[in-house]
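In: Here is my input, please return the structure:
(one chain, ligands or ions: 4)
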Amino acid sequence: MPYDQEKQTAIAAVIQAAQLCEAVRQGLVPAAIEKNDKSPVTIADYGAQALICKALAEAFPNDPVVGEEDTTDLRQPETAHVLTAVTEQVQQTIPSATDSDVLNWIDHGNGTVASRYWTLDPIDGTKGFLRGDQYAIALALVVDGDIKVGVLGCPFLSFDGAETGLLFAAVRGEGTVMMPIAGGNPQRLRVTAADDVDRLRLVESVESGHGDLSQQAQVAQAVGITAPSIRMDSQAKYAAVAAGQAALYLRLPSPKTPDYREKIWDHAAGVLVVEEAGGRVTDMHGKPLDFASAARFPNNPGVVASNGAIHNAVIQALN
Ligand SMILES: Nc1ncnc2c1ncn2[C@@H]1O[C@H](COP(=O)(O)OS(=O)(=O)O)[C@@H](OP(=O)(O)O)[C@H]1O
Ligand SMILES: [Mg+2]
Ligand SMILES: [Mg+2]
Ligand SMILES: [Mg+2]
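Out: Ligands and ions are numbered 1, 2, ... in the order given. Next up is the predicted model:
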């Protein structure tokens, strides 16, 4: 199977990172530091990036990793206690890890977009993680601008009262599977059918500043969605569309930050998970998302992920 080694490596690394994140969450209230852009980061974000980058560096030493976190803040003398805490968490998986190993592994995630690269969000939805809600560990391999492998770990997600802690894995051309993070059989996923009115639902962010709630409601109404939206943090929203729990995920530019450019690691894994489950993902004008250029999409405003059947109607309603 194409990309089988990549897929297995990614799944194993995401599971290790998910276990670290849950260990941090189940400890005392996870402390957050504020980054330059005022967004939060925790020892779990750093620890997860360290574990996944170490695994990728060993298995695929020539592949750059474009990850969200860097070590600038961790290297400040004032935050020495944070680095110590990150290293202690990483040592649960790699007992020999030192502070300097951890810094080097995290920095391995500061590569740039290339003909073949990985993109990593060690915790997507850090605000959700801190609130005790949804978050995701998101890892994808991109080759010549095309997403080939996408793995999403959602440690706090469950559907229809079943097991909590789900992992989603997709390989281009091979479909999407869902499996319990704790272990168990992979199950093939399929988006909602066009006529499944019960599941004709919209999923959108919890944070109102990450989208345009009023335009999202108008568009949903225009395509016949009448149920109240599901509000969910992180790329778990893509998982909900892939699993047929929702038919549409809308992320339209917030009126407060109209010039915000979405980051590749906030989407790559989720996009492939939806596409390989039979869905479609574009920007708000119906154009494919550009994973070939830079860490932020240069020219893709808004994101629309759907079951495919309603996609054209959504784009028409938007334009
Ligand atoms: N203004 C604006 N517009 C759109 N997106 C933004 C904006 N600001 C931040 N971000 C990014 O949102 C990521 C989390 O998105 P979510 O949809 O999961 O939001 S939330 O968890 O409900 O807050 C979040 O990812 P993480 O930092 O990994 O949590 C950010 O990259
Ligand atoms: Mg993110
Ligand atoms: Mg993140
Ligand atoms: Mg962040």
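In: Check residue 29 and give its pLDDT.
Out: The model reports residue 29 with a pLDDT of 56.
In: now the strands: where do they sit in the protein?
Out: For the chain, applying DSSP state E gives strands covering 32-34, 40-42, 65-67, 116-124, 136-143, 146-154, 166-171, 175-180, 187-188, 202-204, 230-231, 248-251, 280-282, 303-306.
In: Which one of the ones you listed lies nearest to ligand 1?
Out: strand 116-124 (4.2 Å; CB to the nearest ligand atom). All C-beta atoms are positioned from the backbone trio N, CA, C, and that covers glycine.
In: Contact partners for the one residue in the stretch 51-200 of the chain that gets nearest to ligand 2?
Out: Residue of the stretch 51-200 of the chain nearest ligand 2, by CB to the ion: residue 124 (3.5 Å). Residues counted as contacts of residue 124 (CB atoms under 8 Å, 6 or more residues apart in numbering) are 135-138, 234-235, 265-266.
In: okay, the strands of the chain in CSV with distance to ligand 3 and mean pLDDT next?
Out: CSV is the format used below for the strands of the chain (distance: least, CB to the ion, whole Å; pLDDT from 0 to 100):
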stretch, distance to ligand 3, mean pLDDT
strand 32-34, 12, 85
strand 40-42, 8, 93
strand 65-67, 9, 99
strand 116-124, 4, 98
strand 136-143, 8, 99
strand 146-154, 13, 99
strand 166-171, 17, 98
strand 175-180, 22, 98
strand 187-188, 27, 98
strand 202-204, 18, 98
strand 230-231, 18, 98
strand 248-251, 15, 98
strand 280-282, 19, 98
strand 303-306, 16, 98
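In: for these, which one ends up most surrounded?
Out: strand 136-143 (a mean of 29; mean count of other CB atoms under 10 Å).
In: Only alpha carbons, please: show that one as PDB.
Out: What follows is strand 136-143, C-alpha atoms only, in PDB (Å, rounded to 0.1, in the frame of the first residue of the first chain):
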ATOM      1  CA  ALA A 136      -7.000  17.300  18.300                       C
ATOM      2  CA  ILE A 137      -3.500  16.200  17.500                       C
ATOM      3  CA  ALA A 138      -3.200  16.800  13.800                       C
ATOM      4  CA  LEU A 139      -0.400  15.400  11.500                       C
ATOM      5  CA  ALA A 140      -0.300  15.300   7.700                       C
ATOM      6  CA  LEU A 141       2.200  14.500   5.000                       C
ATOM      7  CA  VAL A 142       2.100  16.700   1.900                       C
ATOM      8  CA  VAL A 143       3.800  15.700  -1.400                       C
END
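In: Next, count neighbours for residue 228.
Out: Residue 228 is flanked by 10 other residues according to other CB atoms under 10 Å.
In: Same check on the one 10 residues further on?
Out: Other residues within reach of residue 238 by the criterion other CB under 10 Å amount to 33.
In: Dump the contacts of residue 124 to CSV, plus distance to residue 52.
Out: Below are those laid out as CSV (distance: CB to CB, whole Å):
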residue, distance to residue 52
135, 15
136, 13
137, 8
138, 10
234, 16
235, 15
265, 11
266, 16
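In: can you narrow those residues to ones near ligand 2?
Out: residue 266 (CB under 5 Å from the ion).
In: Please identify which pair of the contacts of residue 124 lies farthest apart.
Out: Across those, the longest distance by CB to CB is 13.4 Å; it joins 135 and 265.
In: Between the two, which is the more surrounded one?
Out: Set residue 135 next to residue 265 and count neighbours by other CB under 10 Å: residue 135 wins out with 30 against 23.
In: OK, contacts around that one?
Out: With contact taken as CB under 8 Å, 6+ apart, residue 135 is in contact with 21, 123-126, 128-129, 154-156, 233-234, 236.
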